[in-house]
Every structure is written in structure tokens, then in C-alpha cells.
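Asker: structure of the sequence below:
(chains A and B)
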Amino acid sequence: MSSKLDLLQGTLDVMVLQTLATIGSMHGYGVARRIEQVSGDEVLLNQGTIYASLVRLQQRGWISAEWGTSDNNRKAKYYAITASGRKQLAKDSAYWHRLSNVMSRVLTMPAEGGL
Amino acid sequence: MTTFKEALKRMQSLFHKREQDVELDAEMESHLEFAVEENVRAGMTPEEARRKAMVRFGGVQQARERQREARGLPWLEILMQDLKFTFRTLRRDRAFAAIAILILGLGIGANIAVFSVVDTVLLRPLPFPDSGQLVRIVTKDPKAGESSKTYTADATEEFQQRNHSFEDVTGYFAFSSAENLKMVSTGQPLPVTGLMVMGNFFHTLGVKPVLGRLFTPEETLKNSRAVTLLSYAFWKRHFGGDPAIVGQAINFSGTPTTVIGVLPETFDFGGVFSPGSKVDIFTPVVMDDIRNEGNTLALAGRLKPGITVAQAQAEADLLFPQLDFIVTRPAYKPNYNARISTLKDYVTGRLRRSLIVLWCAVGVILLIVCVNLCNLLLARAAARSKEFALRSALGAGSMRLLRQLLTEAMVLAGAGAALGLAIAYALTAWLASQGAIALPLLSSIHVDRTALLWTVGIALLTAILFGLTPAWKISHDHLVDALKDSGQGSSAGRSHERMRSMLVISEVALACVLLVGAGLLLRSFLRVLDVDLGFEPSRAASIQVDIDDHDNADTRSALWQDLLHRVQAIPGVQTAGLSDNLPLSRNRSWGISAKGKTYQKGELQGTFVYIISPGYLKSIGMRLMKGRDFTWDDGPKSQPVVIINQTVAQRLWPGQDAVGQISNVNGHDTLVVGVIADVKESDLEANGGWEMYLPGTQNYPDGANLVMRTTLPPDALASAVMGTLRQINPAQPATEFRMIQQLVDHAVSPRRFFVVLVSVFAVLGLVLAALGIYGVISYSVTQKTQEIGIRMALGATQGRVQIDVLTRTLRMVLVGAAVGVVVSLGISRLIATLLFGTSANDPATFAGMMLVLGAVAFIAGYIPARRASQIDPSIALRNN
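Answerer: As a prediction, the model looks like this:
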């Protein structure tokens, strides 16, 4: 077993959406760092993979992108969640909550015999 | 969750690849700078900070690829790359590409063309609404031409009234000949082919006029106003497609006839009922006019919905024997019978086997094409094995290489299909215009949607067949070996060669099968051409003449004598004669029996009747075996006379001299004055039936054909003859001057059609096989240049080298031919019914075709063998 969590298919997209929803407009590096910090460095993330996720979300119209400058005057592309992105996030987080509830209930099943 | 919008964006990104890559690079660059900055702040050295940042980022190239995949259409991009690469390699290898596309084009073209024919004739329903319910009604065992296939007007009407299976029974007058009418307007009278059909003919078939209306029942009554329907082609040709023609009266042979409508372009009477002939105008049969003319109506019908052919047949078996010949003479029952077959079967049934053979032949061609291309691609693959090994070493997956090879095959197949389609279009257009070929539905042959689908299917199939084999082969070769080795003598090279030899052997075997099949059909065709016709078509020509004798025998005798006298005076005309019917064209039959004998049922049979003038037999080249020809003294008032053929003589007076016997013809005592050799009167491939010839001076001929035997080429006389005919009768229409040979050509045209096609395909197969042999031998010579050089340096003579190469060639050919012969022996039995006078395993044909195959293979092997023998050892050894 590896010491860090492998990301399930599609989970990175949800994390990115959630991150942008909480911290507002942010560049790719910021999003990646934020996810690492929040997950307590539990997630195995090649930071580069975030860009595939970002472009995918952008094409689906859930986030928007704009070039801007950072506090220390560095040019970077800033992403922000859109209205349809929020709707999608609500859908996705409901789904993940339900799934994790079910999973934890199944996994904590008491060891009873018979019916 | 791919929405339409997303798909659109992905498509768009294909066109903004560069900008997006640049933007991504900038973004990743700033990402790394952020990271380095943070790491430095955390106290790392700049080098350490950068290294750490790179580690956290992961592979830059990988991230780039993933982002591209996420934003674009990866499969499309790979396809575009493969295509671009394919076009580049094919451009570099122009000769290969050209040959491959040409071969494919020929193979696919032949397949589409034949498929179009098969589709039109066999697969597609006839061009009538609900055509499955249409049937032909024909007597079960017709022995004497049209007269024995047809029914009287009364019998037809009785059947119409009594049956319960048919929605409608209809028919047409089966005895009209080509150019039987003349259209008189201004200028010279024009010959026109008219056909009488029953009033309900077009209703029954479901043919609707494009202009005007169909016949009404009143128009089929005696003495009603003469009306006609024009065929589409005739309307276009003579009236320029003028819609105002409907309602106008046109003079046809002296009868002002009102045009009531124009039939649709899709209706081709000849194509369905009488292949190879065309009809210009249709007029209604007046049943009362033909009641006493005997069997004249060819019948067809439309079954009621839900009634099967078998049910109709059962009813017909009950009803037909009860039908009258003439209602007013109920005592005489002709004991009719009828076979009901669907119109489709009747029209195309006989062709089924021929067409399937043709279809198989082009299928074999396609196989040979595939094998050949396999071979070519394999040779190329061998030459490219290093390239593939290199690409594989650089990280191209084997799937990717496979895909590349398949893409190449698809591109070639696509181009080949395009070329094939062009060839097929040309071929079908040519076929459709061959009005002289007596094949049904020929004019409606064209490349249609089904054929296009078929093309796509075939192209895909060929691409996969010839693309996969080399691809599979390469992916199984040891790529590392290929990299290390120059290819010569390596295991991969040898197994390539073995595989290529196998391919050539199978090619030779396939070509052998085609050759034998074509050879057998060709020999049959030659046998048919060699048949004793009973008349002599060369240097004989005929023209239909218009003689108005007011049905008076004396007048006719005088007119005929005058006409023949004048025609024979034309320089170049040797002899001339008249007959109402010519052999291998329209026919009819009456009865003949020996006087005073009673016959069992079935002992007599319908006898073909020809009403002729003295001199006709000589002019057309029929051979008088005994007795004499008619003379002008056999007049209306003298003893009735008849000339019979040998068959009749033997059947009526077996073992006796028929000349001088008295026979009964139409109830008259008739003296047999001559016996002629049997004539192929309706079919070259069947024995002649019963025939008799009666003098026009004692009987009523149905029209007149002037037949001339000439010393000059007949067409040189056309204008002189027409001039003479016009002098005699200014109303003589400009009928066609026909060579008697044309009648024979028309009769053999279906067989000729198949023979020509199958032969062309066989030659194509042979050429392809030769190409395959040449390719393999030539390639192996190139590969073995060094080896041959060494052997020659060690003292091998040029002759020795040549013989070695040729031996290898002939070994492949021998194996291939052996396989081919075995297969042919099995297959030829399947085409046995298509053969004439040739046995299915005719040794001469087999031997002849082997010789042809051997000779061609020898040439294909000799060219590289010669090249091998001219290798200069010193140069060969220096090169590597």
C-alpha cells in the first residue's frame, strides 16, 4: 500500500471546483498547493496533472480563466468558478457525501451472525 | 458527460493547437516559478528549490500530453498524424502507390460493376409496384416457338372470367415484329415498332403514364377510334418531349392514331418481356380481331394479395385443360396447360447461374488483388523493418505501429475504391447502352446506393485483409534483430520470403481457377459459333419491305416477281428472295401431318412456318437436300406445295422418301416438293424443331423480308437497294438494312457477354498473378545480390544463375497450378450447365490454360533471372 492516496477518477475535478468555490479566483499553482494542504499532504498529486483538470472544467463551462498578475507581480492565469460550476459542485458534493456515508456504513458493519 | 458545447470546444481546440500550447507552457512556467519562490522562502538553495519544484510538478511533457488529451480529440489527432505520415511515405514511394491503387481500382471496379448487374437483374425487384405478385403464364413444354407459348383470345377471356387467384390477367400480342409500322408525316415514312397489348396491360403491371392516360375498355372494341401510348424514348426522340403531343393524331401505316399518353422512362417493355428489343408505341389489342388467329397472346397476370404461385398453379392446372380454342367451336379443346412463374423468375431465372459465376469470378479477382497487395506491402514492410524497429525503440507502441499500417492500407483502399467507382461508372454506363445484348433489364443497370454501400464494404474488407497480414507479420518479427541486422539472410527476412512465396502460390492457384473457368466458357462459345446453323449468314442481308398486295395472291405473285427481278438486277446482288419470318427472330407455328395417317396424342408437334418466295432458300443459304425449290409456277391455283426440314421428313415418313408424299397442312392436301437441312430457327444451342416452308403465292405471309446474297459487302448495296424499293413503292419506309449475321450475333449475345467478361477477368487475374511472381522473384534477386555475386566469383556461369532463379519461379508456379487444377476440377462441375459441347474437365482446355499460365509465369520470372545473371561480382561484393 502506498503511503499516499491515489486519486479516484474524477475526484480531482471536484477538489478543484471546491477549492475555487472557497478561495475565489486562483492560479493553477495555488489550487494545487491548496489541495495538498487541505488534504494534509495525504493526496498523491503530481501538480502538473491539475492542468488537464483545469482545461476540462473550463471547456465544460464550470470555471472561467483570465490572465492576471499576482501579489509579487508575476503573470499567471487565474481561474474562477462560474454559476453553472457551482451548480455542478452542489450535485457532485451531494453525490460524494452520499457515497462516503454508504461506504463508511458498509465498512463499519457489525459482525453479527444470521438474520 | 460530453455535451455538445464541449465537443465543439474540443473541435475548436484542434485549430488552435499552437496558441494553446504556448499558453500552457507560459502557465506551467509561472507555476514552477511560484513553487521555486516558495521553496526558496522555506530556506532552500535556488538549485534545490528548482529541483524540488520539478519533482512536485511531475513530468512536464506528461502534463502537457494530458492537458492536450483533455482539451482536444486525441484519436483524431493521432489519425491526422498517421494520415500525414502515410501521405508522406506514399509520396516518397510513388510507383508503389500508383501500382497499388491501380490494382485495387481494377479489382474494386470490376466488383462494383458486376454487383450492379447482379443487383439489377437478380436482387432488386422488378420495376413495378408490388412486383412480387406479377406472374407470367406460359405453356409447360413449348416446343415450337411463340405459337406454343401463347393462347387464343377466347381462351384468355375464359381464363380471365373463371379464375379466382388473379386480380387481373393480361397479355400482349406476341407476333409483332420490329419496325412493323411506318409513321407518315412530312418527308420519308419512318419505320416504327408498335406492339399491341391488352387494354388492361398497364393497369395490371401498375405502370402509370407520365402524360395523359391509359387505354379505356371502349378503346379495345372493334371499330373504336385508334389510340396509342408512346414510349418515353420514342416521345423524346421524335417529338422532342413535347407535352402537346397528347391528343394529336399521328398517321401510323395509314391509320390516323390519337396519342392518349406517354409511358414513364422507367418502363422498358423489351427489358422485361423481350430482351434486346425495343418498342416505340403501344396500341390496344382488339380481341375480336384476333379471335380466329389462333394462339397469339402471351399472358401475364397479377395475383390477388395473399395468393401464392403454388395456389395459382393448382387452379391453372384445373382450369387450363377446360379452356376453348374458339368459344363457338366448343367441341375442340386444345388441351391447354400453363406454368405460372413469377415474372421475376421468368425474366431472370435462366441468368441466375451465369451471374453467380460472374460474381464469383470478380470475387476471385478481388482475392488476387488482396493477395497481391499483401505481397507488395510485405515487401515494403521488409524494406521498412528498420524504420519500424527504430520507431518502436523510440517508444511507439506496437498498437500504434499497427494503426499506422492499417491507416496506410485504408488510404490505399480508399483511393482504389474511388478509382474503382470511376471504372464501374464507365462500365455500367457502357453496359446500359448495349441495346443489342439480349439480356433483361440491361438498360436499367447503374451504380446505385446499394452498390455504393457495397463499395465501401469491399474497400474496408480489402484494406483489412491486405493491411493486417503485413501488420501482424511485423509485430511478430523480432524488432531488435531487425535493428542489428541489415535484413539479408536474417530469420525475419527468410520468413518474410516464405510467406510471400505462399502468397504467390495462392495467387497462381486462384488465377488458374479463373483461367480454366474462362477457358471452358470460351471453348463453349467457340463451339456455339461453330454450330451448323442450316443457313449461311455471311454476305447475306435483309430488309423489311412494304408491299401492299390487298391480300390477293395473284397480285402478290406479280409484285414479288417484279421486286425480286429488279433487286437482282442491282450489280453485286447475286440472288434475292422473300420470307415473312427470318430464322432466329420472330416465329410462329402451325401443324403438319402425313395424309391419311392417324396420330397418337403427342406424336405431332407444332411446326415452325415460313412463307417464302422462290429463291429465298438459296439467298439465305439453306441447303436443299432433296427435291426442288418453289417456282413461280406454284401459283394460287396449282397444287399446294410445301418444303419441309429433315426432322419433319424423318418423323412423318420414317425410312421413306418424303419428296412426293402428300401431307396435310391447314386441312389442305399439300405435296412435299423438297427437304432442307435442319435450321436453327430459334436457338443456336438447341436442336432444330419441326419446320416447313410454304410458297407466298399460295398462302398469306405476315409481312415480307427481302433477303439478298451479295458478292459485294452488303452495306455497300444499302442505298442502291433502298433506291430500287422506293421506285417500286414510294411509301417504303426507311427500314434498317440488316446483316443476317446480326441475327446470329443477337442470339449469341448473352453468351458472348459472359464470355467476354469472364475472359477479361481471367486475363486480369493472370496479369496480377504475373505481377506477384515478378515482385517476389525480383525482390529475392535484389536481396541475394551478394550471394549471387559470390557464386559468380566462384565460377557459376550466367546460365547457371538464370536457371536457378527460373527453377525457383517455376516451382512456385507448379505448386500453385497443381492446387488450381484440383480446385478447378471441383468447381468446373458447378458451371457444367453453362457449357456447350465442352465437358467440364475438358483436357484440351485444362492443358491450354496451363500452357498460358506457364508461359506468363516464365516471362515474369525470366526478367529478374536475366537481371540476376548480369550481376557484376566485383560490384556486388563491394556494396553493402
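Asker: residue ranges with poor pLDDT in chain B?
Answerer: Along chain B, the model assigns pLDDT under 70 to residues B:1-2, B:144, B:186, B:275-276, B:395-398, B:435-438, B:470-496, B:878-880.
Asker: for it, what lies in contact range of chain A?
Answerer: Contacts of chain B with chain A, taken as CB under 8 Å from any CB of the partner chain, map to B:1, B:3, B:5-6, B:9-10, B:13, B:23-24, B:26-28, B:30-31, B:33-35, B:37-38, B:56-60, B:62-63, B:66-67, B:69-71. In short, each C-beta sits where N, CA and C put it, glycine included.
Asker: now, these that are in helices?
Answerer: Applying DSSP state H to these, the entries found in helices are B:5-6, B:9-10, B:13, B:23-24, B:26-28, B:30-31, B:33-35, B:37-38, B:56-57, B:60, B:62-63, B:66-67, B:69-71.
Asker: buried ones among those residues?
Answerer: Among these, the ones that count as buried by 16 or more other CB atoms under 10 Å in any protein chain shown are B:9-10, B:13, B:24, B:27-28, B:30-31, B:33-35, B:37, B:56-57, B:63, B:66-67, B:70-71.
Asker: neighbours of B:His164, just the number please.
Answerer: Per other CB atoms under 10 Å in any protein chain shown, the neighbour tally for B:His164 reads 10.
Asker: contact partners for it?
Answerer: B:Lys304, B:Glu315 (CB atoms under 8 Å, 6 or more residues apart in numbering or on different chains).
Asker: kindly recompute the last result at 7 Å.
Answerer: B:Glu315 (CB atoms under 7 Å, 6 or more residues apart in numbering or on different chains).
Asker: now name the helix or strand holding B:Glu408.
Answerer: helix B:398-432 (DSSP states H and E).
Asker: which helices and strands sit right next to that helix?
Answerer: Secondary-structure packing of helix B:398-432 (3 or more CB pairs under 7 Å, 6 or more residues apart in numbering or on different chains; DSSP states H and E): helix B:74-92, helix B:94-118, helix B:385-393, helix B:449-476.
Asker: for those, which one sits closest to B:Leu299?
Answerer: Closest of those to B:Leu299 is helix B:94-118, at 28.5 Å (criterion: CB to CB).
Asker: how far off helix B:398-432 does the closest one point, in degrees?
Answerer: 50 degrees (axes from the mean of the first three to the mean of the last three CA atoms, to 10 degrees).
Asker: which helices and strands does helix B:94-118 pack with?
Answerer: Short answer (3+ CB pairs under 7 Å, 6+ apart): helix B:94-118 packs on helix B:352-383, helix B:398-432, helix B:449-476, helix B:740-783.
Asker: residues near B:Met692, how many?
Answerer: Counted with other CB under 10 Å, B:Met692 comes out at 23.
Asker: can you point out the buried residues in the helix or strand containing it?
Answerer: Assigning secondary structure by DSSP H and E places B:Met692 in strand B:690-695. Neighbour-count burial for strand B:690-695 flags B:Trp690, B:Glu691, B:Met692, B:Tyr693, B:Leu694, B:Pro695 (criterion: 16+ other CB under 10 Å).
Asker: show me the two of these that sit farthest apart.
Answerer: Across these, no pair lies farther apart than B:Trp690 and B:Pro695, at 18.4 Å, counting by CB to CB.
Asker: number of residues surrounding the closest residue to B:Arg380 other than its chain neighbours?
Answerer: Closest residue in space to B:Arg380, ignoring its immediate chain neighbours: B:Phe96 at 6.4 Å, by CB to CB, 6 or more residues apart in numbering or on different chains. Residues lying near B:Phe96 (other CB under 10 Å) number 16.
Asker: from chain A, how far out is B:Phe96?
Answerer: Noted for B:Phe96: a distance of 41 Å to chain A, by CB to the nearest CB, to the nearest Å.
Asker: same question, B:Lys344
Answerer: Distance of B:Lys344 to chain A, computed by CB to the nearest CB: 57 Å.
Asker: show the pLDDT at the residue nearest the centre of chain A.
Answerer: Geometric centre of chain A, nearest residue: A:Met15, 0.8 Å, by CA atoms, centre = their mean. With respect to pLDDT, A:Met15 has a value of 90.
Asker: which residue sits closest to it, ignoring its sequence neighbours?
Answerer: A:Ile35 (5.1 Å).
Asker: who's in contact with the one you found?
Answerer: A:Met15, A:Thr19, A:Val43, A:Leu45.
Asker: now the third one: how far from A:Tyr95?
Answerer: Counting by CB to CB, to the nearest Å, the gap between A:Val43 and A:Tyr95 amounts to 19 Å.
Asker: neighbour count: those two, which is higher?
Answerer: In this view A:Val43 and A:Tyr95 are compared by other CB under 10 Å, and A:Val43 has more residues nearby, 16 against 11.
Asker: is the more buried one in a bridge, and if so with what?
Answerer: Legend: beta-bridge partners of A:Val43 under DSSP bridges are A:Leu5.
Asker: can you tell me the element the residue nearest to A:Met15 falls in?
Answerer: Going by DSSP H and E, A:Ile35 is part of helix A:28-38.
Asker: and the helices in chain A?
Answerer: A:11-23, A:28-38, A:50-59, A:83-107.
Asker: return the most buried member of those helices.
Answerer: Stretch with highest mean neighbour count among those: helix A:50-59 (a mean of 23; mean count of other CB atoms under 10 Å in any protein chain shown).
Asker: same for that helix, what does it pack against?
Answerer: Secondary elements touching helix A:50-59 (3+ CB pairs under 7 Å, 6+ apart): helix A:11-23, helix A:28-38, helix B:4-15, helix B:17-41, helix B:60-71.
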